[in-house]
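**Student:** My questions are about this predicted structure, shown below with the sequence.
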Amino acid sequence: MKKKQKTKKTQFTSGGGYIENAGIKGYLHNQRLDIKRNKLVYAMLVVILAYFIIFNYLPMGGLVMAFEKYSPARGIFGSKWVGMKNFYAFFHGKYIGRLIRNTICIGGLDLLVNFPAPIIFALILNEFTRKHFKKFVQTVSYMPYFISAVIACGLVVSFVQAGGPISTIVANITHTDPQNLLMNKKAFWLIYILMNMWQGLGYGSIIYLSALSSIDQEMYEAADMDGAGKWKQCLHITIPSIMPMIIMMLILRMGAVFSVGADKILLLYSPSTYEYSDVINTYVYRMGLVNMDFGLSTAVGLFNSIIGTIMLVTTNKIAKKVSGTSMF
């Protein structure tokens, strides 16, 4: 007996007019219907897409300057093409060693200290039973994040200058005369890391507190009945439950290790501390806006972005292979 071949039929849903199993024509028909029914949503989407196209994708055309001796008078299309000379000048420059070292060290230390700090802080807050006290601590810890970098750096400069409260405390501990700690080039890394912790500790814990709130409380009750203390519950229930979120945040953070923020460093450093404070982003600023060497600054910025992308993709692949959690 011959089997009857099943044929796809064009079907309409009872209440909407959407076509099922009708190929490309059905898909286009459904899209038109969806746009008509959700005009406001699509209008908002157009605004968002326009924002990213105008401010994120179109400016990428300026990367051509990395291969030119760019002149504002001649523009991108009229400037002299120099190929890889800008990259050659950067990699053979006398500052390449300190730039790479400082960027890796500051970015690495910031990752090592300030990535786990919000996680630990969130775990501690999660154990608070008094709601009013917990909300008070959260509010106080969030506030520094909303202070502008200019004001935050101004406070740090005032606190660590000779006679400032922090420099006075350090002088009393070390039994030395108070001095401007920012003039001590070897102390710059510590000041920068602690400043980032002060500003980002509370705000960075929000996403982990959100993840902690979604954990099934019955698991804690079962563990408590089995005799597991708070420490074992944290190790075997809390941390594994928020581990996917931790891995996602780690992947994002690894991609930004080389993108050490230039804004705070520019407000804190001085030529006397360049040896330990000068990073790739501050070098890009000086070459581009101070020395007006736009081609070289673009080349250095492009190199920095490529390294960040490589680190992001590599970390994502490792996380996917080890834990099964990844961004893409």
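**Tutor:** Received, thanks. Residues are numbered from 1 along each chain as shown.

**Student:** so where's this protein shaky on pLDDT?
**Tutor:** Across the chain, the ranges flagged by pLDDT under 70 are 1-22.

**Student:** Outline the domain layout of it.
**Tutor:** 18-52, 95-322 (automatic domain parsing).

**Student:** Out of those domains, flag the one nearest Met60.
**Tutor:** Across these, Met60 has its closest neighbour in domain 95-322 (9.9 Å, Cβ to Cβ). Any C-beta I mention is one placed from the backbone N, CA and C, and that applies to glycine too.

**Student:** I'd assumed Leu212 was in contact with Ile242.
**Tutor:** Yes. Between Ile242 and Leu212 there is a contact under Cβ atoms under 8 Å: 6.2 Å.

**Student:** quick one: which of these two has more around it?
**Tutor:** Ile242 (23 against 17; other Cβ atoms under 10 Å).

**Student:** which residues sit in contact with that one?
**Tutor:** 119, 208, 211-212, 215 (Cβ atoms under 8 Å, 6 or more residues apart in numbering).

**Student:** helix/strand/coil for Gly61?
**Tutor:** helix (DSSP: H, G, I helix; E, B strand; the rest coil).

**Student:** ok, it - contacts?
**Tutor:** Ile76 are the contacts of Gly61 under Cβ under 8 Å, 6+ apart.

**Student:** going forward can the numbers begin at 892, since that is how I track them
**Tutor:** I'll keep to 892 as the first residue from here, and by that count the last item is Gly952.

**Student:** Give me the contact list for stretch 1053-1071.
**Tutor:** Residues contacting stretch 1053-1071 (Cβ under 8 Å, 6+ apart): 1049-1052, 1072.

**Student:** List buried residues within those residues.
**Tutor:** 1050-1052, 1072 (16 or more other Cβ atoms under 10 Å).

**Student:** my read: Val1175 touches Val1191, true?
**Tutor:** Yes. Counting by Cβ under 8 Å, Val1191 is a contact partner of Val1175 at 5.1 Å.

**Student:** Please identify the most buried of the domains of the chain.
**Tutor:** domain 986-1213 (a mean of 16; mean count of other Cβ atoms under 10 Å).

**Student:** end to end, how far does that one reach?
**Tutor:** 38 Å (Cα to Cα, to the nearest Å).

**Student:** Please identify the helix or strand for the closest residue to Ala1040 other than its chain neighbours.
**Tutor:** Leaving aside its chain neighbours, Ala1040 sits nearest to Asp1154 (4.9 Å; criterion: Cβ to Cβ, 6 or more residues apart in numbering). Assessed by DSSP states H and E, Asp1154 sits inside helix 1153-1159.

**Student:** ok, then the element right after that helix?
**Tutor:** helix 1165-1168.

**Student:** which helices and strands does that following helix pack with?
**Tutor:** With contacts taken as 3 or more Cβ pairs under 8 Å, 6 or more residues apart in numbering; DSSP states H and E, helix 1165-1168 sits against helix 987-1005, helix 1079-1095.

**Student:** I'd like to know which of these lies nearest to Ser1039.
**Tutor:** helix 1079-1095 (10.4 Å).

**Student:** could you say what helices and strands the helix or strand following the closest one packs with?
**Tutor:** In the C-terminal direction, the helix or strand that comes right after helix 1079-1095 (DSSP H and E) is helix 1097-1104. The contact analysis (3+ Cβ pairs under 8 Å, 6+ apart) places helix 1097-1104 against helix 1007-1017, helix 1130-1146.

**Student:** Tell me which of the ones you listed approaches Ala980 most closely.
**Tutor:** Per Cβ to Cβ, nearest to Ala980 of the helices and strands packed on helix 1097-1104: helix 1130-1146, 26.4 Å.

**Student:** now the angle from that closest one to helix 1079-1095?
**Tutor:** 130 degrees (axes from the mean of the first three to the mean of the last three Cα atoms, to 10 degrees).

**Student:** Now Glu959. Its backbone dihedrals?
**Tutor:** The phi and psi values for Glu959, taken as degrees, to the nearest 10, are phi -130, psi 160.

**Student:** for Tyr986, same thing?
**Tutor:** phi -100, psi 0.

**Student:** could you measure the nearest residue to Tyr1167 once chain neighbours are set aside against Ala1008, distance?
**Tutor:** Once flanking residues are discounted, Tyr1167 sits nearest to Lys1076: 4.4 Å by Cβ to Cβ, 6+ apart. Remark: distance between Lys1076 and Ala1008 (Cβ to Cβ, to the nearest Å) = 25 Å.
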